[in-house]
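>>> Next one to model:
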Amino acid sequence: MTEKTHIRVPRGSRIFPDRPRLSDAELAKRKAEDEAFAQRCREIFRRVYPELVKNHYNWAVMIEPKSGDYFVAPDPEVAFQKARQKHPNAKIMEMRLNETGACGRI
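Numbers count the residues shown, from 1 in each chain. Here you go, the predicted model:
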């Protein structure tokens, strides 16, 4: 049997100290890119919401903003598989066809 080694990590220290920290500029850039992605997805959602919510209430919607494609299914896994078939490497956002567009509870 192999023996377990216990490495004590002081509180507040980094778990992976060999990974370089991102600069503040890089963090700000990533945050801006994420916000722009979310904004494009929300615009598509607002456009298609009125026509879809009538017949597909509380279904999952996967949105790919570069092409404007969206995929609807009652099960989020099925919708995600549809999205991955057409856009295998794209970043996809999941929303729900309900009052808030949220996928779960907080």
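>>> May I ask which helix or strand encompasses residue 46?
Applying DSSP states H and E as the criterion places residue 46 in helix 24-53.
>>> how distant is that helix from the center of its chain?
Centre-to-centre, helix 24-53 and its host chain are 10 Å apart (C-alpha atoms, centre = their mean, to the nearest Å).
>>> again with stretch 82-96
Centroid separation for stretch 82-96 versus its chain: 10 Å, with C-alpha atoms, centre = their mean.
>>> Kindly report the same for stretch 14-21.
Worked out by C-alpha atoms, centre = their mean, stretch 14-21 lies 25 Å from the chain centre.
>>> Kindly spell out which helices and strands sit in contact with the helix holding residue 46.
The contact analysis (3 or more C-beta pairs under 8 Å, 6 or more residues apart in numbering; DSSP states H and E) places helix 24-53 against strand 60-64, strand 69-73, strand 93-96. For the C-beta atoms, the positions are set from N, CA and C on the backbone; glycine is no exception.
>>> Can you list the strands that the first one pairs with?
Read it as strand 60-64. Looking at strand 60-64 with DSSP bridges, its partner strands are strand 69-73 (antiparallel), strand 93-96 (antiparallel).
>>> check contacts around the residue most central in space within the chain.
The residue lying closest to the centre of the chain (C-alpha atoms, centre = their mean) is residue 93, at 4.6 Å. Contact analysis of residue 93 by C-beta atoms under 8 Å, 6 or more residues apart in numbering lists 37, 38, 41, 62, 63, 65.
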